[in-house]
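J.: Turn this into a structure:
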Amino acid sequence: MTKPFKTLDDIGEVSGKRVLVREDLNVPMADGRVSDDTRLRATLPTVTELADRGAIVLLLAHFGRPKGVPTVEMSLAMLTEPYAAVLGREVRYIDWEGADEAVSTLQPGDIAILENTRFFGGEERNDPDVVARFARLGDLYVNDAFSAAHRAHASTEGLAHVLPAFAGRAMEAELIALEKALGNPEHPVAAVVGGAKVSTKLDVLKHLVGRVDHLIIGGGMANTFLAARGVNVGKSLCEHDLASVADEIMAAADRADCTVHLPYDVVVAKEFRANPATRTVNVHEVAADEMILDVGPAAVESLGDVLKNCRTLVWNGPLGAFETPPFDVATVSLARTAAALTQDGSLVSVAGGGDTVAALNQAGVADQFTFVSTAGGAFLEWMEGRELPGVAALTR
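T.: Numbering: from 1, shown residues only. Sure thing, here's the model as predicted:
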């Protein structure tokens, strides 16, 4: 496919050139250790390729929200050793103080992590002075951080306007997958949208009804749609004040010939905790003191049949309160069906968002989807149909 952005294939000779690579190193820490190195591992294809081609690789990243105030707790110095262990190569750390001199000592193939970009107050304002400060250190710019692409910051957007700009391998893979999922997908297309509240995903739902053939709504969000249709959802999490919005989305789906799937059997309990007494009932049989905590088996089976007739799936959010057993059954079951269809070659499946990644890992199928995005906010904004500044800046 012809890509609307340049990649490492277009970068030309890089030996001895200083390449500023924007990565997402904002990893979770516990007791001073990296508790999940997924984001570190995602950087490897780009960083190793550039280093092997003789580039001087300078990693730009943020960590936490220091708001322009340098703090030891948010210094990227503490990631140098864990990153070197993941990379299997030596990694230097470079503080902003004396950065120019330190960079000048690096040799082709060397890799260094520059200090937290957010130690500059102007990073998040995309301040031209900060852009110039970063640009001074490099000859070329590579953006490999899709998860930060919804922010127009100096290191995610500004640099692309002042240095030759390219997409890294992780960014390239993400953009190709997203294009297959919603940009130019093979129909029929299904979208699974779950989560606690409709209010957090209103724009996603409004955008999707015009793009997909089947919209599967789960999680607490489904309760709001059920209530709007006159179903008594008992003590369930529900945004009753959004009934009219739910009706508008249903009407828009009708006009667009998009079928909205709401659960018709559900798993209920009187208290929200692990392994309470539960019942599986028709949605019209929820008692006043019960709450809906998962989609029932009959509905999940019929949703599986929907996926069998689709060619593309986009998934964001769980169907039930999946972190608390036994309310992960519907999510795990449908995820395994989607994974099997993907492995058969009949379905292109793209999933994203923190809860979704956790749910797919719980189901043991994250590696069996076509593509799983670890991006949170950027993935959601993409599902809303918004232009992402970091991506737009890369397009030719």
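J.: how far away is V189 from G354?
T.: Distance, V189 to G354, using C-beta to C-beta, to the nearest Å: 23 Å. Backbone N, C-alpha and C define where each C-beta goes, glycine included.
J.: more crowded one of those two?
T.: V189 (21 against 13; other C-beta atoms under 10 Å).
J.: Next up, the contacts around that one.
T.: 181-182, 211-214, 310-314 (C-beta atoms under 8 Å, 6 or more residues apart in numbering).
J.: same deal with G138?
T.: Each residue near G138 by C-beta under 8 Å, 6+ apart is listed here: 18-20, 58, 163.
J.: from those residues, which two are the most distant?
T.: Maximum pairwise distance in these, criterion C-beta to C-beta, is 11.6 Å, between L58 and L163.
J.: Which one's more surrounded, the two?
T.: L58 (24 against 19).
J.: so what's that one scoring on pLDDT?
T.: Looking at L58, its pLDDT is 98.
J.: Would you confirm that it belongs to a helix?
T.: No - assigned with DSSP: H, G, I helix; E, B strand; the rest coil, L58 falls outside any helix and is strand.
J.: Excluding chain neighbours, what is closest to it?
T.: L20 (5.2 Å; C-beta to C-beta, 6 or more residues apart in numbering).
J.: coming back round to it: nearest to A340, of the contacts of G138?
T.: Closest to A340, out of all of the contacts of G138 and judged by C-beta to C-beta, is V19, at 40.7 Å.
J.: who are the neighbours in contact with that closest one?
T.: Taking C-beta under 8 Å, 6+ apart, we find V19 in contact with 50, 55-58, 138-142.
J.: E381 too?
T.: With contacts defined as C-beta under 8 Å, 6+ apart, E381 is in contact with 150, 388.
J.: roughly how far apart are N143 and N232?
T.: Using C-beta to C-beta, N143 is found at 50 Å from N232.
J.: which one of these two has more residues nearby?
T.: Ranked by neighbour count (other C-beta under 10 Å), N143 and N232 place N143 first, with 29 against 13.
J.: Show me the beta-bridge partners of the closest residue to that one other than its chain neighbours.
T.: Counting by C-beta to C-beta, 6+ apart, the nearest residue to N143 once its immediate chain neighbours are dropped is R22, at 4.8 Å. Listed beta-bridge partners, R22: L60, N143 (assigned using DSSP bridges).
J.: What is the neighbour count of R22?
T.: 29.
J.: still on that earlier bit, name the SS class of the residue nearest to L58, please.
T.: Once three-state DSSP is applied, L20 turns out strand.
J.: for it, what are its contacts?
T.: Counting by C-beta under 8 Å, 6+ apart, L20 has contacts 58, 60, 134-135, 137-138, 140-142, 159, 163.
J.: where in the chain is pLDDT low?
T.: Within the chain, the set of residues satisfying pLDDT under 70 comprises 1-2, 396.
J.: Report the residue ranges of every domain in it.
T.: Here the domain parsing of the chain from automatic domain parsing is 8-171, 185-383.
J.: Next up, the contacts around the residue nearest to N143.
T.: 60-61, 141-145, 148, 155-156, 159.
J.: quick one: it and E323, what's the gap?
T.: Counting by C-beta to C-beta, the gap from R22 to E323 is 32 Å.
J.: now do H161
T.: The gap separating H161 from E323 is 42 Å, by C-beta to C-beta.
J.: and what of P70?
T.: 35 Å.
J.: JSON lines please, covering the contacts of L20 and showing distance to A84.
T.: Formatted as JSON lines, the contacts of L20 follow (distance: C-beta to C-beta, whole Å):
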{"residue": "L58", "distance to A84": "15"}
{"residue": "L60", "distance to A84": "17"}
{"residue": "F134", "distance to A84": "23"}
{"residue": "A135", "distance to A84": "26"}
{"residue": "L137", "distance to A84": "20"}
{"residue": "G138", "distance to A84": "21"}
{"residue": "L140", "distance to A84": "23"}
{"residue": "Y141", "distance to A84": "23"}
{"residue": "V142", "distance to A84": "20"}
{"residue": "L159", "distance to A84": "25"}
{"residue": "L163", "distance to A84": "26"}
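J.: In strands only, show me the residues you listed.
T.: Mapping the contacts of L20 onto strands (DSSP state E) picks out 58, 60, 140-142.
J.: Neighbours of E248, how many?
T.: For E248, using other C-beta under 10 Å, the count is 16.
J.: Sticking with it, tell me its helix or strand.
T.: Secondary structure from DSSP states H and E places E248 in helix 243-255.
J.: Give me the contact list for that helix.
T.: The set of residues external to helix 243-255 that reach it, using C-beta under 8 Å, 6+ apart, is 198, 202, 205-206, 209-210, 215, 224-225, 227-228, 259-260.
J.: Also stretch 160-173?
T.: By C-beta under 8 Å, 6+ apart, the list of residues contacting stretch 160-173 reads 3, 5-8, 10-11, 20-21, 23, 42-43, 45-46, 49, 131-132, 135, 138-146, 149, 159, 175, 371, 390-391, 393-394.
J.: Now the buried members of the residues you listed.
T.: 3, 5-8, 11, 20-21, 23, 42-43, 45-46, 49, 131, 135, 138, 140-146, 149, 159, 175, 371, 390-391, 393-394 (16 or more other C-beta atoms under 10 Å).
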